[in-house]
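K.L.:
sequence first, predicted model second:
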Amino acid sequence: MSASIEITNVTKRYGALTVLSDISLAISAGEFIVFLGPSGCGKSTLLRMIAGLEDVTEGTISVDGVRVDTLPPGKRGVAMVFQSYALYPHMTVAQNMSFGLENIGVAKAEIEKRVRFAADTLEIAHLLDRKPQKLSGGQRQRVAIGRAIVKEPKAFLFDEPLSNLDAALRGRTRLELAQLHGRLGSTMVFVTHDQVEAMTLADRIVIMQDRRIEQIGTPMEVYRRPATRFVAAFVGSPAMNFIPIRDAVMNGDRLSIDTAGLGTVSVPLHLPPGFSPEGAELGIRAEDVSVAAAGAPGIALTAEVIERLGDRTLIYGHLEDGTKMTVEADGRNATRPGDRLTIVLDTSALHLFDKTGAAHHPEGD
Amino acid sequence: MAESYRRSHWKNGLFVLPYLSVFVVLLVFPLAWGVWLSLHKVDLFGPGRFVGLNNYVRVLADPVFLQALRNSVVFVAFSVPTLVVLGLFLALALNRTTRATSFFRGLFFSSSVLSVTIVTLIWRFVFIPGDGLMAVLFEQVGLPPIGFLSTSGWSLFSVGVATVWWCLGLPMMLFLAALQQIPSDLYEAAALDNASPLRVLTRITLPSIARTIMLVAIIQIVMQFQLFGQAQLMTNGGPNGTSRPLVMYIYEVGFVRWDVGKAAAASEILFLIILCAAMAQYVIATRKPEASE
């Protein structure tokens, strides 16, 4: 009960407005794929196109090699969990779960068996006779997932299903979703704007921005080797630091980069062909910047805001030329706003972004 | 603070006074006066004489009243379901936002703003013998003409047709408002659940607007029991009183035969009937959503 999904050259237009432009994506059977992106990037539209709730303007969508974009939603073999859960308010939990099966004429005994199985899996067996309005948010969520499970779909589609839950419940449900995926082994497509959900749940993340796919990769690929400046800035908290560069020249097998804020840094990187330093930036994550002992050689940073997270401390400050820089320090770090610190960069973790936003990473990372 | 509040207390009443005076003069006083009248033998020209429940006995023993009561009940029993079903049908058909549906919504509602005189005039053109639309149509297809306004049975039916045409706008609008409250993702979930249009209608749409259906039905019961103008102008209650509704009976007894006490007694009976319907509406409208099924 898991299937591959093939999205080929899909474009979506509303009149003159293009919301998705030439999207191609292959999802393997059993994979957990997360569409991640800011509001309005088209990720929900893409999911709804797979479900059949939106028409495809151009291109094709296939499930298990069968073209489905011309089929009605119910005939595509997919089940969807809505952000609002969309439970039928006048039906009990059991009726909500069996409605779809009754519609396609599944035998009563079989329906009962599947509802019982889903209810047991999700621990909602005691709620079967209740109506949705008598349930808490978390319980409704489970019913919505149960309604998908009973259909034994080829793929599950989740449209921001955790966004209506409180933080604690969101964390727990995230974990349970991961377990559910492990148990069912089904193909799951999950839309979110929450990078923690994406990082923790996904086999592969599809990062979307401005009608296009920016990068497709495993969570660590996306985090460690972002394909574009947008991905680098969007994934990771705190956001990556960006330092404008003045010039870059090869010096032996290392690239020597001249910046206003950091002076000259040497990066184990080959100068990309046709590279122009104009508009290019260096990127480095806060965790790859560390505070050096006082008096040690390094770069001067003036602290502005300190966030103490317990296990670590985030120091937001600026370099001498005014470039903003975030540094991650130990939880016991005692820096106060206004302090001047010396920082050291892990040059092997530097990323180079050219004017178009394309990224170049050091070798071997 | 508390002191100034107490001092200004009576002044607060000034804000309610305009409405209160209208309410007392136009509602409470006539209501009380109506009850007083119904217990007296009055002819509007002299002081009344207390007769107890005699007026009620006379009304209930009057075959003309019983006929009018029967007419009103029959009229309500047929016009209200028609209004509910047609209104719902129109609302379902027009529940989308295109230029055409906006136009038709306006069109179907437009009859509601006409006065009863215009409405009856229009429908007299349709039903009048000889030159009326129906007469011409019947002649064209070679059927014997029907006296829509002058045949017992048909006359009340004709009044009903005009009434439904006139009153359809409000039920349609109320149903449209209710339909638009249904979240669209329920329909999307149903589409993914392979629900047929009929299943969507019976399992999602109708349960979601059940309360509005009840509300519309009761509003219409209250309104249609007050039928008067259409009957008066189209058939004048005829033939033989077969299309005379209760309000017309009250009018005739009170203002044609000047038996004001008897008319008041009949009014109180109609008032009780409508009160029951209104109470039912209140109970249903204030019922909690959980209890609605």
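P.N.:
In hand now; what should we look at?

K.L.:
burial measure for residue 133, as a count.
P.N.:
Chain wasn't specified; assuming chain A. Using other CB atoms under 10 Å in any protein chain shown, the number of residues around residue A:133 comes to 11. C-beta: built from backbone N, CA, C; applies to glycine.

K.L.:
my bad, chain B
P.N.:
By other CB under 10 Å, the residues close to residue B:133 number 13.

K.L.:
now it, nearest residue through space, not along the chain?
P.N.:
Once flanking residues are discounted, residue B:133 sits nearest to residue B:126: 4.5 Å by CB to CB, 6 or more residues apart in numbering or on different chains.

K.L.:
what about that neighbour, how many neighbours?
P.N.:
Residue B:126: 18 surrounding residues under other CB under 10 Å.

K.L.:
which ones are touching it?
P.N.:
Residue B:126 is in contact with B:132-134, counting by CB atoms under 8 Å, 6 or more residues apart in numbering or on different chains.

K.L.:
list the buried residues in the helix or strand it falls within.
P.N.:
Assessed by DSSP states H and E, residue B:126 sits inside helix B:116-127. Using 16 or more other CB atoms under 10 Å in any protein chain shown as the test for burial, helix B:116-127 gives B:116, B:119-120, B:122-124, B:126-127.

K.L.:
again, but for stretch B:269-283
P.N.:
B:269-271, B:273-274, B:277, B:281.

K.L.:
contact partners of the helix ranked longest in chain A?
P.N.:
Longest among the helix segments of chain A by residue count, using DSSP state H, is helix A:167-184. Residues outside helix A:167-184 that contact it (CB under 8 Å, 6+ apart) are A:1-2, A:32, A:121, A:137-138, A:141, A:145, A:149, A:158, A:161-162, A:165, A:188, A:190, A:196-197, A:200-201.

K.L.:
cutoff 10 Å now
P.N.:
Helix A:167-184 is contacted from outside by A:1-2, A:30-32, A:81, A:121-123, A:136-138, A:141-142, A:145, A:149, A:152-153, A:156, A:158, A:161-165, A:186-188, A:190, A:192, A:194, A:196-197, A:200-203, using CB atoms under 10 Å, 6 or more residues apart in numbering or on different chains.

K.L.:
CA atoms only for it, dumped as PDB, please.
P.N.:
C-alpha atoms of helix A:167-184 as PDB (Å, rounded to 0.1, in the frame of the first residue of the first chain):
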ATOM      1  CA  ALA A 167       3.700  23.200  21.000                       C
ATOM      2  CA  ALA A 168       3.900  20.200  23.300                       C
ATOM      3  CA  LEU A 169       1.300  18.200  21.400                       C
ATOM      4  CA  ARG A 170       2.900  19.200  18.100                       C
ATOM      5  CA  GLY A 171       6.200  17.700  19.300                       C
ATOM      6  CA  ARG A 172       4.500  14.500  20.400                       C
ATOM      7  CA  THR A 173       2.400  14.100  17.300                       C
ATOM      8  CA  ARG A 174       5.500  14.700  15.200                       C
ATOM      9  CA  LEU A 175       7.100  11.700  16.900                       C
ATOM     10  CA  GLU A 176       4.000   9.600  16.400                       C
ATOM     11  CA  LEU A 177       3.800  10.500  12.800                       C
ATOM     12  CA  ALA A 178       7.300   9.300  12.300                       C
ATOM     13  CA  GLN A 179       6.500   6.000  14.100                       C
ATOM     14  CA  LEU A 180       3.300   5.700  12.000                       C
ATOM     15  CA  HIS A 181       5.400   6.000   8.800                       C
ATOM     16  CA  GLY A 182       7.700   3.400  10.100                       C
ATOM     17  CA  ARG A 183       4.900   1.000  10.800                       C
ATOM     18  CA  LEU A 184       2.800   1.500   7.700                       C
END
